[in-house]
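1. Just a sequence and a predicted model for now, questions to come.
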Amino acid sequence: MAEETVADVKKKSMSIIVTKGSLDWAYPPFILATTAAALDFDVTLFFTFYGLALVKKKLDPKFTVLGNAAMEMPMFGTHIAMPNFMAMIPGVDAIAGSMMKKMIKDKGVASLDELREAAILSDVRMIACQMTVDLFEYKREDLIDEIELGGAATYFDIAANCHINLFI
């Protein structure tokens, strides 16, 4: 076998399909993408269905305690689980979301706006699923300027050549 040269080695690459747009699901793709970019990966984020909320010009992710049995909030020196029935009480999701945002700020974690801007500045390629844009009746001007539009075939062309492919 011939010796491999630096030119023969493909740059590390990663793609992430982003399907969720709620506050707690928004952090993982942006954290992973910006970290990978800092580690010199070529990174592509493919936003589809509710993940499109993360590439709208106005970033305002919602939060819910419903269906999140693992959610525990640090309170009073311990961790308190949020039971599903709490989601039926008007205003609980907004309060829990505010608590989460305060905790993020107090711990010095970057905001979603900051993480999204870091992704842009790190040359993370961001693609909105054209079919989903059409399905949800978004207009191109609803989305950030840096977003590309593409379909599943666009994603497969990218993913077929990536070292890491994730679905979030």
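-> Received it, and whenever you're ready, just let me know what you need.
2. Give the buried residues for the helix or strand of the chain with the lowest mean pLDDT.
-> Using mean pLDDT, DSSP states H and E, the weakest-scoring helix or strand in the chain turns out to be strand 72-75, at a mean of 74. Of all the residues in strand 72-75, not one is buried under the rule 16 or more other C-beta atoms under 10 Å. For every residue, glycine as well, the C-beta is placed using N, CA and C.
3. Could you name the helices and strands sitting against it?
-> strand 78-81, helix 92-106 (3 or more C-beta pairs under 8 Å, 6 or more residues apart in numbering; DSSP states H and E).
4. could you give the mean pLDDT of stretch 161-168?
-> The pLDDT scores in stretch 161-168 average 96.
5. what does that stretch contact?
-> Outside stretch 161-168, the residues that touch it by C-beta atoms under 8 Å, 6 or more residues apart in numbering are 10, 12-20, 25, 28-29, 32, 36, 41, 44, 159.
6. Can you give the distance of it from its chain's centre?
-> 14 Å (C-alpha atoms, centre = their mean, to the nearest Å).
7. Give me the distance between the two termini of that stretch.
-> Stretch 161-168 has its terminal residues 19 Å apart, counting by C-alpha to C-alpha, to the nearest Å.
8. and Val65, how far is that from Ala94?
-> For Val65, the distance to Ala94 (C-beta to C-beta, to the nearest Å) stands at 11 Å.
9. So for the two, which sits in the more crowded spot?
-> Set Val65 next to Ala94 and count neighbours by other C-beta atoms under 10 Å: Val65 wins out with 22 against 12.
10. Touching, that one and Met71? I think so.
-> Yes: between Val65 and Met71 there is a contact at 6.1 Å, judged by C-beta atoms under 8 Å.
11. Common neighbours of the two, please.
-> Met82.
12. And the helices in the chain, which stretches?
-> 23-38, 92-106, 112-121, 130-135, 152-159 (DSSP state H).
13. and the ones you listed, which is most packed in?
-> Greatest average neighbour count among those goes to helix 23-38 (a mean of 19), per mean count of other C-beta atoms under 10 Å.
14. thinking again about what came up before, looking at the helices and strands packed on strand 72-75, spot the one closest to Glu117.
-> Glu117 lies closest to helix 92-106 among the helices and strands packed on strand 72-75, at 15.7 Å (C-beta to C-beta).
15. Just want the angle from the closest one to helix 112-121.
-> 60 degrees (axes from the mean of the first three to the mean of the last three C-alpha atoms, to 10 degrees).
16. got the contact list for helix 92-106?
-> Residues outside helix 92-106 that contact it (C-beta under 8 Å, 6+ apart): 23-24, 62-66, 73-74, 82, 86-87, 111.
17. Much appreciated, bye for now.
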